[in-house]
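Enquirer: 3D model of this:
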Amino acid sequence: MAAAVANLQRRVRVSPARLKRTAERTLRSLGRAGRDVHVTVVDDAAIRRLNARWMGTRRSTDVLAFDLDAPGPSRLLGEVVVSADTAKRQAGLVRVAVALELDLLVIHGLLHLAGYDDREPRAARRMHERARKILADAGRRAPSRFWAGLLDQASRSPIGGEGRNSSRDARMGRRGEG
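Expert: Below you'll find the predicted structure:
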């Protein structure tokens, strides 16, 4: 199992080593320890372009998950793309470290690749509980206001809007189709 992390933005301080550890722990927790994943950290402009191309939404979002799992010998599960700009804004809203928000977004993207969905409030709560457990197992804790904000947004925000529940699972076929 391996996670490759690329930081393609310069405005927000990011620890690729920390995100790599987060991704690898998450893969183990999800029973996908033999799989590879790519994590790419970008700015809002880059994620806005990706969101427009693959999701048809012309706005920034926090995380996109591209399922690249295909039949055959490939170990590649997919790619998670995270906006550092959005992570920084969201971290400020709930007063947590940007590094913790980035951890959560990587976990969130990997949960999507593992089949979790957050379109309905009940499914979103299940997904957020799993993310909380993965963070706790890694020795990282977020304050209760962090989780309360997530669950509140999950119960009332439409998918694809800006903010906490804006993550989308961008599923691509083998030819890169949406």
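Enquirer: Below-threshold pLDDT in this protein: ranges please.
Expert: Applying pLDDT under 70 to the chain picks out residues 1, 142-178.
Enquirer: now the helices for it?
Expert: Ranges of helices within the chain are 16-29, 44-55, 84-94, 98-113, 121-137, 144-156, based on DSSP state H.
Enquirer: Of all those, which one is nearest S74?
Expert: Nearest of these to S74, taken as C-beta to C-beta: helix 98-113 at 13.7 Å. The C-beta positions use only the backbone N, C-alpha and C, and glycine is treated the same way.
Enquirer: for that closest one, packing partners?
Expert: Judged by 3 or more C-beta pairs under 8 Å, 6 or more residues apart in numbering; DSSP states H and E, helix 98-113 is in contact with helix 16-29, strand 36-42, strand 63-67, strand 76-83, helix 84-94, helix 121-137.
Enquirer: who wins for proximity to L102 among the ones you listed?
Expert: For L102, the closest of the helices and strands packed on helix 98-113 is helix 84-94, at 5.1 Å, according to C-beta to C-beta.
Enquirer: Now do the buried residues in the closest one.
Expert: Neighbour counts using 16 or more other C-beta atoms under 10 Å place A84, D85, T86, A87, K88, R89, Q90, A91, V94 of helix 84-94 among the buried residues.
Enquirer: repeat for stretch 6-17
Expert: Judged by neighbour count using 16+ other C-beta under 10 Å, the buried positions of stretch 6-17 are N7, Q9, V12, V14.
Enquirer: How about stretch 27-46?
Expert: Neighbour counts using 16+ other C-beta under 10 Å place 27, 29-30, 32, 35-44, 46 of stretch 27-46 among the buried residues.
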